[in-house]
Structure formats: C-alpha cells, structure tokens
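S.K.: below are the sequence and a predicted model; questions follow.
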Amino acid sequence: MILPIAPIMDRVGFKAIGTIGPRGFNVAIRLFHENPWERIRFLSKAMQRTPLRTSVTATSVASFGIESLELNALWIKRYIANGIKCLWFCDYQTVMDKTSYLAKVAKAEGAEISMGLMYSDSPAHTDEFFAQSTRKMMELKDYIDVITIEDAGGVLTPERTRTFLPAILQNCNGIPVELHVHCNTGLGPLCYLEALRLGIKTVHVAVAPLANGTSLPSTENILRNARYMGFSSNLDEEALTAMSNHFREVAQKEGLPIGAPVEYDLLYYKHQVPGGMMTNLKRQLAELEMEQRLEEVLEEVPVVRKELSYPVMATPFSQIVGAIALSNVIAGKRYQVVSDETILYVLGCYGEPPAPIDQNIKDKLTSLPRAKALRNWEPPSVADLRAKYGSELSDDDLLLKVIVPK
C-alpha cells in the first residue's frame, strides 16, 4: 500500500515519516507473515530525502515488560542499520539512567534523537511537574535534537495548552519542541493551533484519510488553518494531494474506514482509556459474555489509576491499569489477580511514578510471594537469548525471535 506512493511522499517535505515499531513487528509477522525489517529497508530506499522515525522506550523496546539495556541497545543499532534515522525516546516515567545510556548509543550510531515528554491529565500532572520533567531532561541536552510532547490519550485542551506548553518552552534550553496530539476527544486540531500561536513550528499529523478518530490531526486541515492564521509552510501541496488521494483509493479498494472526527465526550476525561485498549476491553468482555459490564470496568479504571499514582494512560501503563480494573470487576475482589508487570511497576522497575503509590495497595502487592521472587529478577541478556533461540541467528532474526518465539 505504501511503496507505490513512497516517492511522492518523499517529495511532500515532511520533517520525518513515522514507521513500524516493535509492536507493529508482531502484527506484521503473525498476521501478514512478512519480515518487518524488509519493510523498513524498502521504505528507506524509496524515501531517501525524508528520514524515517520510530519510537523506543528505555525499559522495553519490544514488549510490555522489562528488557535488558543490552537488548534495547541492540534494537537501536539494528533499527539504524536497517534505515531508521530518527529515534523517538518515549520515557513516560523519566528513567534517566537507562535513557541516557541508550541515547548515547543511538547518537554514536548517527541517529537524530527526539526525547519524548508524555502529557497526561491528573492532579499530579501540573504545569510545574512538566517544567521539572523538562529540566531533568536537560541533563541529556548534549544528546537531544528535539523534544516531542506526546498526548497519546488526546486529553489535552486548548486552555491547558496555553499554560503547560510555556512551562516546557521556558525550560528546554532552546531545543526545538514538537507536538503530537491524538484526536480521541476531537480537540487535537485546536490544540495545534494554540501551539502555533505559542511558537511551536512542528506538529505531527496524518494524511486526511488516515487522520482523526484516535489518530492524529489531518495534514490538510492543519495546513489550511495555519495559513489562515498567517503562517507559511514549505510543503509540496501537489505531492500531498496525490498522497492523500492514493490512500483514500486504497481504503475504498480494501474496504477500510476513512478517518473521521469524533464527537466530544466528557466521560473520556474520567477513564482516559486509549482507543486500542478500549477495543481490547470490549473484546475481552465479549469473550466472557460480560459485555454489559464495560461501564463498571470504566468506572474502576480511574480508581486503579489513582491508587497506582496516576501513570500516563499509554503503553505499557494503560494496559497495566486496564488489566487490573478488568480483573477487579470480573473477580469481584480487588487486586486478587495481579500481573508480573503490575508488581514490577510497584517495585519501581518502570521508573519513578508522578506521585506516591497508595500505601495500602503498595503494601499488599509487595508482600505477595511473587513480589519477593521479582525483587531480584533480571531480564535475560542477549547471550541468554542466543542460547535459547540459536547462536547462529543474525541480530535481526534474533530480535524477531524475541518478539515471536514460535
């Protein structure tokens, strides 16, 4: 679907084009029986003017759990070797020691570094919290090319944009700031216009047929409104139109939905469940013939999130919160079923949370027998994984085995 239009996409003038990440690797292998490394190589050859970008996290590049720094460094090196030129570090809980190590690895391999700062809506996520997070990020200023503010849940409002964004701009040492806001509440495009007024020059968008919904604002809409506000752009709009038409035709041919704006839903600010996770919750409840209990689960989500110190509702934290809320409702007894990831989160393995964890919950989870076993747990090293999957495997094939062992 992409390769036929890739040379035209390369002419549009995007600063970077986002491409497949490790969790997308899983889908490519399991559902389409394709080699995702080939996808990256094909696209990088077809779009040589526009850098390809993907996202990584310091705790785990390829899974919802914890992986070794050595393995994550290998992921970064192989991404860059296969054609990724920009790496977006999404460390939502400020794991600075691990991020520092991996940023240095990526910079040594010649990549552009975009450091992610995740926006979230909670009593803990004040403007001062974001100012402090930015100042902490400046410990790595020599390795950072760009700061990307991400709102995966789409909960940012135009009013809040006017206060929290200046808090970041005043503490970023002049490093360029980009904005990435999903459209879950329909407010993403309005937040972009406020950001432009405040001095942001780069925003993340999706071509119109793939925009809106739980995706990003439309390239065409933002470009049109920015021009009306008096801003200019160096995009090749003829190429952009051709790109948009191509993907609209693909959607029609394949019977895929065209992106459309969503209606504003105030309840969303209470549970903040991302679009993909909402789909999974509905599916899991349907499999249990408990579809009617979705509202109970959504009522439980903010309670769990508060108890776990308001983690951002993005991978892997949204899954941790959602899984606990689901099991609490189904079991009828709270925290009776607890995943290893939840225990590791409470033990601090995912970094420092934005606020203190509820002490009663923390005591309960850290006293579990499984918690004692996980206290000294270490993720497998690359050598361990080679011994498990085969020493003859190339680095690329080893990483695919880590994602899909079978």
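M.R.: Cool, the structure landed.
S.K.: ok, which stretches of the stretch 201-350 of the chain are helices?
M.R.: All helices of the stretch 201-350 of the chain, identified by DSSP state H, counting those that start in this stretch, fall at 219-228, 237-254, 268-271, 275-287, 294-307, 317-331, 340-346.
S.K.: which elements pack onto the shortest one?
M.R.: Counting contacts by 3 or more Cβ pairs under 8 Å, 6 or more residues apart in numbering; DSSP states H and E, helix 268-271 is packed against helix 294-307. Backbone N, C-alpha and C define where each C-beta goes, glycine included.
S.K.: what helix or strand is L87 on?
M.R.: strand 84-89 (DSSP states H and E).
S.K.: so which of the helices of the stretch 201-350 of the chain is nearest I200?
M.R.: Smallest distance to I200 across the helices of the stretch 201-350 of the chain (Cβ to Cβ): 10.7 Å, for helix 219-228.
S.K.: ok, back up a step: and the helices of the stretch 201-350 of the chain as TSV, adding mean neighbour count?
M.R.: Putting these into TSV (neighbours: other Cβ atoms under 10 Å) gives the following:
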stretch	mean neighbour count
helix 219-228	16
helix 237-254	16
helix 268-271	17
helix 275-287	15
helix 294-307	19
helix 317-331	22
helix 340-346	21
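S.K.: closest one to G21 among those helices?
M.R.: Nearest of the helices of the stretch 201-350 of the chain (Cβ to Cβ): helix 275-287, 13.2 Å.
S.K.: one step back: make JSON lines out of the helices of the stretch 201-350 of the chain and add distance to F164 and mean pLDDT.
M.R.: Shown next, in JSON lines, are the helices of the stretch 201-350 of the chain (distance: least, Cβ to Cβ, whole Å; pLDDT from 0 to 100):
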{"stretch": "helix 219-228", "distance to F164": "20", "mean pLDDT": "97"}
{"stretch": "helix 237-254", "distance to F164": "30", "mean pLDDT": "98"}
{"stretch": "helix 268-271", "distance to F164": "15", "mean pLDDT": "90"}
{"stretch": "helix 275-287", "distance to F164": "23", "mean pLDDT": "82"}
{"stretch": "helix 294-307", "distance to F164": "19", "mean pLDDT": "94"}
{"stretch": "helix 317-331", "distance to F164": "19", "mean pLDDT": "91"}
{"stretch": "helix 340-346", "distance to F164": "25", "mean pLDDT": "91"}
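S.K.: hmm, back to that, what's in contact with the helix or strand following the strand holding L87?
M.R.: Using DSSP H and E, the helix or strand that follows strand 84-89 towards the C-terminus is helix 96-108. Residues outside helix 96-108 that contact it (Cβ atoms under 8 Å, 6 or more residues apart in numbering) are 56, 58-59, 69, 72-73, 76-77, 80, 87, 89, 91, 113, 115, 136-137, 139-140, 143-144.
S.K.: could you do stretch 283-296 as well?
M.R.: Contacts for stretch 283-296 (Cβ under 8 Å, 6+ apart): L281, K282, V297, L326, V329, I330.
S.K.: try stretch 32-52
M.R.: 2-3, 6-7, 9-20, 24-25, 28-29, 78-79, 82-86, 112, 396, 400.
S.K.: same check on stretch 299-311?
M.R.: Outside stretch 299-311, the residues that touch it by Cβ under 8 Å, 6+ apart are 92-93, 120, 122-125, 270-273, 313, 317-318, 320-322, 324-325, 328-329, 342, 345-346, 353-358, 361.
S.K.: repeat for stretch 200-208
M.R.: For stretch 200-208, using Cβ under 8 Å, 6+ apart, the contacting residues are 15, 18, 146, 148, 165, 176-181, 192, 195-196, 211, 215-222, 240, 243-244, 247-248, 259.
S.K.: let's see 7 Å
M.R.: Residues from elsewhere that reach stretch 200-208, judged by Cβ atoms under 7 Å, 6 or more residues apart in numbering: 15, 176-180, 192, 195, 211, 215-220, 222, 243-244, 247, 259.
S.K.: ok, stretch 244-256 next?
M.R.: Around stretch 244-256, the neighbours that count as contacts under Cβ under 7 Å, 6+ apart are M1, I5, V207, A208, P209, L210, E220, I258.
S.K.: state the distance from the fifth one to S133.
M.R.: Taking Cβ to Cβ, to the nearest Å as the measure, P209 and S133 are separated by 35 Å.
S.K.: taking their axis directions, the helix-or-strand element of the chain with minimal mean pLDDT and helix 294-307 sit at what angle?
M.R.: The helix or strand of the chain with the poorest confidence is helix 275-287; it has a mean of 82 (mean pLDDT, DSSP states H and E). Counting by axes from the mean of the first three to the mean of the last three Cα atoms, to 10 degrees, helix 275-287 lies at 130 degrees to helix 294-307.
S.K.: for helix 275-287, output the C-alpha coordinates as PDB.
M.R.: The C-alpha trace of helix 275-287 is given here as PDB (Å, rounded to 0.1, in the frame of the first residue of the first chain):
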ATOM      1  CA  GLY A 275      -8.700   3.700  21.600                       C
ATOM      2  CA  GLY A 276      -6.800   0.400  21.000                       C
ATOM      3  CA  MET A 277      -7.200  -0.500  24.600                       C
ATOM      4  CA  MET A 278     -10.900   0.200  24.600                       C
ATOM      5  CA  THR A 279     -11.200  -2.200  21.600                       C
ATOM      6  CA  ASN A 280      -9.400  -4.900  23.600                       C
ATOM      7  CA  LEU A 281     -11.500  -4.400  26.700                       C
ATOM      8  CA  LYS A 282     -14.700  -4.800  24.700                       C
ATOM      9  CA  ARG A 283     -13.400  -7.900  23.000                       C
ATOM     10  CA  GLN A 284     -12.300  -9.500  26.300                       C
ATOM     11  CA  LEU A 285     -15.600  -8.800  27.900                       C
ATOM     12  CA  ALA A 286     -17.400 -10.200  24.900                       C
ATOM     13  CA  GLU A 287     -15.400 -13.400  25.100                       C
END
